[in-house]
Structures are given as structure tokens and as C-alpha cells.
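Participant: Below is the structure, and that's it, no one-letter string:
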């Protein structure tokens, strides 16, 4: 049983409410942090090695240290709760069951960054969580954790929940800021980065829900204790939202030392694949990260066991590796069709592209149509190369990472599952009733002898 | 890391950093070095060099603040960020929105990566474009056409139906063709920045995003016509010029008038055919943008653009210089020349007399008939003159003046 530091009291009855949360030791970190200097908190977060949990894994302390501090200009902290990645639902769990943990983390972070007005930008579809958060904020305000002169330190902090209107793109930080300002949620062109000019042209830091919640244990237990959990540069714990063909889907808090195999098959986590099926493929970090076949998922190209952390999952780059992403762990068993799966993702990205820059606007739609044809057995072999060429021309040429996120799943599917695509093209009738199955995707990886 | 060219725009830099920077930045684009003022974008530096070095720009418009970065045709490779930090930038950057740094080395047409990416972008822009150039009023001065000639392929790999939209009427002056739009956002910036109130914008998202007034409101503003000038494609065209002529048949002349509107610059280009003014536009520079006069963009008001359609309304300055590579230049006139009337001279002062009045001899050509008075579809019988003397049968057959029946026709062919 690995140690839980975020969800350890998630099952305590009534933890949603202030009284229980406070009784269980809540808001200790605010008491401690407000006695520290803001710069020391930033140092502490830097020392903890906490990396952004939203997907990119950028060191949080470093991000905080970039914030510009011009005289007389207010700064803002914005919590990115626009969790819309297919397969990711960890923030939902955290906000729904322990909303005060997020608020506590945000008060500490607001103090560290000098933000007197902080926002939680929440996904529009999470409307009931908006109510939970607003209730929690009201409770916190009533008990003196928000508002003017918190704990007599002279620090003022207000917090507002802002509901999005159901756009995946508003999870991109600059699009989120635009949406928060009341504009159309188009990503901005960077530079300037939000740390210099963010919401209303003021320095702004946008952090994921889980990142801000992780500030609480860092302050409570100290950066060194936090950094000891985990391995290498993947410190602390990570929430994984597991779904797909597994016995026990749900949100799991892992320390990043366990192997992928253990995560899928052990009873403590996903509990294996139902009905005795075999593992075919997996997307370990939410829909936008590259899909991996079973053999490459469990062992790296070097023949080592793949672990559930940032470095190990991305071992081998995109050729043989993938990414930690936002922790949306999607498992596919041998009955799943990778072509159909890729088509579903392409349809999602086509629907969610903001339409601002041309490669993403036109390319995502094109890819979706080609994939639909292949899926329905109307494709040609040249379509596979065409898909590869389209994704190559989208990736890296767009304003925001949505273009990359749309290109990577298609690229990875063709890279690792090309024969399944070809089978679809060559067996147009069969592919509509049968499945390509596991094929060779679980065969041991050939490891070239070290030179 | 904070203060390299990658992260911080020059304008956002604190003063103490600005102070240490040289007054002029040296930037090398395609092996040509030029000195530019700090804060200049790569695109504008390339335009200062000119020629093929300047990347194409479909969405960037130097007179509109905040424009650019969207179409991705101006992507360039930055081989070295600056003298201080000579690392190359990891991705291709949009040259219209990236400011130069001292010692920056940029590759545009010398980079295969750029050419490849740009060809890709052009392909993306064209897959859903209707390619209805033969009936498009923008043809001949369309930036997408130019871009297609430079970077496009002759065939398409797109096998699907092109995107269509529900047609929307946006008022009496501007014709909106959403199928042709490339979503450059220029028209929204015009509406934001030079008109008082914007009533149109982008609705929806992704590949079904559209320019719309949302509630089908007419765009009524004194300066709304400038949206037509900034549109790089034929999505917004002049309704008063619609289907009237092709731009390469009309002859552009510079003209000005004393416009009462203080915001209007009064300097325009008239597009003439003979003495008839077919269209009035703002004057454009070599990049297809509205020219500036003493630092102010020369926008023109709707009165000048849509109402003053007579040469007498304007003081004509002379023929607009047009690039010889343009199709408009193919019809370029050196100066306004009215052909000299010589018939008086030939006739030695005698008034010319009609040799034959076609209306008198024709059976059918009755010019007094108004089509609006005919309720059903008109046919030749409606134009037949009552009591017209019919020329003898044989004669008419010979000249083909009377419709022939099938049998006779066959005989004739034989």
C-alpha cells in the first residue's frame, strides 16, 4: 500500500464540509504558510520538485518564479479545473470529494504569488461541482480563511469560481484566460507568456487542480519529505484516473515508483483485465498522448520495466515511448479496434479545435474523414501515408498544443499499429464484423545487444 | 531564460534590460543582413529587405493591431535566437508575431522545413476552399490565388465534399461568401479598431467556425467597407461591384476627393472601364495593405466607396502603378487616353448618317418592351413588332432571319 498524501482522507464521511475537513487537520498549511515569506514558499515548492499535473509536467516552482512583479499591478492565480481530456477525471474526484483541499492549496499559492483575487476556472459540464466549490468557498470565507486580513497577517484573498461553456480548448492556459476575461476562448500567441501578461494583461499563473492541491502536503510536511516520495525528477504522488478494459476503473493515487504492469494487474490498483482478456494497447496519460502497444508499454525499448513516472513513460521519445500527460490511463484489451479508437479521438479533436489557425482547423477535419473511411472499410493504402503526412504538417505548426495533441494519437497509432490499418484497408468487408485482435502487439520487444 | 527572445517581447521588457540592448538590431534573413529597430517583427524586417525573402502573410495586417499568427503561412525557421543566446528555436515560428533579437539568424526560403510546412499550410487552406475563382470577384487580386500559385500543387489529395455554410446577408454593401473565408480575423480587427461598434464576429468553432452577425443583422457603419479591402480572399466583396466586371479588365486610377468625414482619408483608387467607375477601393501598397498617409492608414468611408461612382466626384491623379507580375498589370494603361474621334475628319464635317437602322429592319428586335411587364418567361414573340413588314421568304431563309424548322435545316446541311 503506497502512501497517500492527497486522498488519504477522501473517504472520511463529510470531508466535503469545513468542520470535518478542519477536524482532520485541514488548513494547517495556511496557518504555517502565512507565517513564511512568499519567496520562501516559492523556494519550498521549487525544492519539492513538484511538476505541473495538467499534462506538460513543467516544474511548478520554476513557473512561479517567472511571474513578473511590476509595481501597482495586481497578479492573479487561476486554477485550471477545465478538465476535458478524454480519459482524465482525477480533478473531478478531488474537487467533488475534498473541495477544501483545493481551496487550501490555492490560498497558500495565492499568498506565495501575491494574488489577491484568484479564480477557479471550472469546466462547464461540472456544474454540480461548481456548487460544491462555491459552498466550500463560502464556508472558508465564513471561517476567516478568505477575505480581508486573513489570520491577521494583512493578506487579502478573494476566490471566485468561473464556469466554462464546454470547450476543451479552454483548458489551454491562454485560451482559459481569454475565456475568463469573457472573450472567445482562442489561445493567445505566445510570447508574451501569462507570467508576464495574463488575465487583463496582468501577470498570471495558471495551475492544474492537482498541482495546487499538492501544495498543501508540501507546506505541511516540508519540501524535503515530499521530494523523498517518488523517484528521480518525478517527486510526490500522482493521481491516475484509470478507465477502459480493467476490473477496477477509478482514481488512484500512486507514488511514481510502481511499474505499469503492477498498476494494471495488481488488485490494489486496476485489478487486471476483465474476462481473462489480454492487454493490447494503452494510453497512459489522457487521449492526447501517444498510444503504446502492450509490449512497449510494459517494457521500454531497452528491455527495462516501464515505471509509472514522467521519465520512464517518455523513455525512448515518441518512437518507442509516450508521456505521463494528465494521468488519464486508458486500457484497451484484445477486442478493441485501434483504428476505430483513433477515429474516435480524431473526431473529438476535430470537434474541439478552436478554428483559429489553419493547420489544426483544416487538418483535424481531414484526418477524421480519412479515418472514418478506413474504419468503414472504404480506405486505400495511400490514405495511411496521407494521414501520416497530414499529422506531420499539423504538429508543431500551430499556435497552441491542441494541434500536437490531435496529431500525436494518429501518429502513434500508425507508428505502432500500421498493420492493423492495412488490414482494415485490405479487408473492407471483414473489418466491419471482425477484429484484428491482439496480433503480435504483446510479443516480447526485440532488444538489440548493447554495443 | 526569462529574457531571451523566446520568452519576452521587446515591448514587454523592463527598461533596465532595454537600456543594455543596441539601438539597432542586426538580423540575418536568408543570408541577407539588415539593421532594424528593436521591436520590429521578423516579417517586417523581411519586408524591409523585400523580394522573395518576405514571407507571405494571409492574416497579418500591419495596420491592424493584434492581427497575425493565425494562418501560419509566414512560418520561418530561427536558426539562432540572438547573439546572447544563439540556440535555435525548437519550432518554426510565426514571423509576423515574433520580434527580432540582435544577431538573430532566420531562414525563410533557404529552409526546406519552412517550404515543406508552408506547402502544407497552403494545402490546408485550399482543401475546403471552393476554388470558384472563375465567378469570384476577388480573382485577380486574391492573396490566396497568389499563394496557391507559389506554393500549391496542381492536384488535391482531398477526396471529400468541401465545407458549405448557410448563406447570410450582411447588408446592402458587403457580400459574404463564407465558403471562401480562411478565418484570418482581419475583418473583425477592422470592425474593432476603425469602426465604432463591431456587430459581426466569429461564431462556432473548429472547421465550422464562421464569420457572422449571429442574428443576421446588417453591418451598418460608415467604415464597414474597409472590411472588403482587408479580406485576403473573396469572402467579403463589394456588393455594388458584384459580377459587374473582372478586376483585370478595369483600369485602376488614383483619385482623391474632399470628403466631409474627418476620419476618411479621401484618397482612393477608382477602377474604371472607359469613363465608368466600377468600384472604389482604398489605395494599397505592395503588400496588399492599405497605404498609410503621414503614419495613418488611409481607410476610406462608405460614402466614398459606395456612393461616389462618377468620375466627376473625384479628382483623378493618374494611373495607379501595378506590379507587372499582376494580372491587373496586363491591362495597364500608361495614361488615360480617349481614342480620338476621326469620323468627322473623314466625312469632312458631314454628320454621319445611319446606313441602316437595325430596329427598322429586324423582325424581332423591339426595344420598347420591358421585361418586367411580361409575367411569364419571355420568348422571341414578345419582341416581335406588331405589323412588321416581313421580308420575302426566300430572302429571310438565306440570311437566317426566320427560325428554320428541322426538316429544312437537314436539307441545308446536306
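Facilitator: Nice, I can see it. Values in this document were obtained by computation on a predicted structure and should not be read as measured data.
Participant: hey, let's count contacts and neighbours off CA atoms from now on
Facilitator: Noted.
Participant: Over to residue A:103: give its phi and psi.
Facilitator: phi -60, psi -40 (degrees, to the nearest 10).
Participant: Now do the contacts for it.
Facilitator: A:136, A:137, A:213 (Cα atoms under 8 Å, 6 or more residues apart in numbering or on different chains).
Participant: helix or strand for the second one, which one?
Facilitator: Taking DSSP states H and E as the definition, one finds residue A:137 inside helix A:127-142.
Participant: one step back: let me have the contacts of residue A:103 in CSV, extended by neighbour count.
Facilitator: Shown next, in CSV, are those (neighbours: other Cα atoms under 10 Å in any protein chain shown):
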residue, neighbour count
A:136, 21
A:137, 23
A:213, 26
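Participant: Please render those as CSV that adds distance to residue A:87 and pLDDT to the earlier fields.
Facilitator: Putting those into CSV (distance: Cα to Cα, whole Å; pLDDT from 0 to 100) gives the following:
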residue, distance to residue A:87, pLDDT
A:136, 27, 95
A:137, 28, 96
A:213, 20, 95
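Participant: So residue A:160, which state does it fall into?
Facilitator: For residue A:160, the secondary-structure state derived from DSSP: H, G, I helix; E, B strand; the rest coil is strand.
Participant: so what's the residue in the stretch 151-300 of chain B that chain A sits nearest to scoring on pLDDT?
Facilitator: Per Cα to the nearest Cα, residue B:206 is where the stretch 151-300 of chain B lies closest to chain A, at 3.7 Å. Residue B:206 is assigned 89 on the pLDDT scale.
Participant: That one against residue A:352, yeah?
Facilitator: Yes: counting by Cα atoms under 8 Å, residue A:352 is a contact partner of residue B:206 at 6.5 Å.
Participant: middle-most residue in chain A, spatially?
Facilitator: Centroid check for chain A by Cα atoms, centre = their mean gives residue A:326 as the closest residue, at 1.9 Å.
Participant: Contacts only, for the spatially closest residue to residue A:31 that is not a sequence neighbour.
Facilitator: Excluding its sequence neighbours, the residue lying closest to residue A:31 (Cα to Cα, 6 or more residues apart in numbering or on different chains) is residue A:151, at 7.7 Å. By Cα under 8 Å, 6+ apart, the contact set of residue A:151 is A:31, A:144, A:145.
Participant: same check, this time on residue B:320
Facilitator: Taking Cα under 8 Å, 6+ apart, one finds B:252, B:253, B:254, B:269 in contact with residue B:320.
Participant: burial of the spatially closest residue to the residue nearest to the centre of chain A that is not a sequence neighbour, as a residue count?
Facilitator: Of all residues not flanking residue A:326 in the chain, residue A:55 sits nearest, at 4.2 Å (Cα to Cα, 6+ apart). For residue A:55, the number of neighbouring residues by other Cα atoms under 10 Å in any protein chain shown comes to 19.
Participant: mind checking which helix or strand residue A:55 is in?
Facilitator: Using DSSP H and E, no helix or strand contains residue A:55.
Participant: what residues are up against the residue in the stretch 1-150 of chain B positioned nearest to chain A?
Facilitator: At 4.3 Å from chain A, residue B:70 is the closest residue in the stretch 1-150 of chain B, using Cα to the nearest Cα. Residue B:70 makes contact with A:356, A:357, A:358, A:399, B:59, B:184, according to Cα under 8 Å, 6+ apart.
Participant: go on, residue A:174?
Facilitator: Contacts of residue A:174 (Cα under 8 Å, 6+ apart): A:186, A:187, A:188, A:194, A:198.
Participant: Who wins on neighbours among those residues?
Facilitator: Neighbour max across these (other Cα under 10 Å) = residue A:198, 26 neighbours.
Participant: Report pLDDT for the residue of the stretch 1-150 of chain B closest to chain A.
Facilitator: Reported pLDDT for residue B:70: 92.
Participant: sorry, back to before: take the contacts of residue B:320 and keep only those in helices.
Facilitator: Members of the contacts of residue B:320 lying in helices (criterion: DSSP state H): none.
Participant: Of those, which is the most crowded?
Facilitator: Result: residue B:252 is most packed of those (other Cα under 10 Å), 30 neighbours.
Participant: Read off the pLDDT value for it.
Facilitator: 89.
Participant: Once you drop chain neighbours, what's closest to it?
Facilitator: In space, residue B:252 is closest to residue B:271, 4.4 Å off (Cα to Cα, 6+ apart).
Participant: wait, is the one you found part of a strand?
Facilitator: Yes: under three-state DSSP, residue B:271 sits within a strand.
Participant: and it, what does it touch?
Facilitator: Counted by Cα under 8 Å, 6+ apart, residue B:271 has contacts B:247, B:250, B:251, B:252, B:253, B:277, B:278, B:279, B:280, B:281.
Participant: The nearest residue to residue B:111 once chain neighbours are set aside: how many residues sit nearby?
Facilitator: Nearest in space to residue B:111, with sequence neighbours left out and distances taken as Cα to Cα, 6+ apart, is residue B:77 at 7.0 Å. By other Cα under 10 Å, the residues close to residue B:77 number 24.
Participant: For the stretch 201-350 of chain A, which residues are neighbours of chain B?
Facilitator: Taking Cα under 8 Å from any Cα of the partner chain as the measure of proximity, the stretch 201-350 of chain A contacts chain B at residue A:350.
Participant: residue in the stretch 201-350 of chain A nearest to chain B?
Facilitator: Distances between the stretch 201-350 of chain A and chain B by Cα to the nearest Cα are smallest at residue A:350, namely 6.6 Å.
Participant: picking that back up, dump the contacts of residue B:70 into JSON lines; add pLDDT as well.
Facilitator: Converted to JSON lines, the contacts of residue B:70 look like this (pLDDT from 0 to 100):
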{"residue": "A:356", "pLDDT": "92"}
{"residue": "A:357", "pLDDT": "91"}
{"residue": "A:358", "pLDDT": "93"}
{"residue": "A:399", "pLDDT": "93"}
{"residue": "B:59", "pLDDT": "93"}
{"residue": "B:184", "pLDDT": "93"}
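Participant: Nice, that's everything, thank you.
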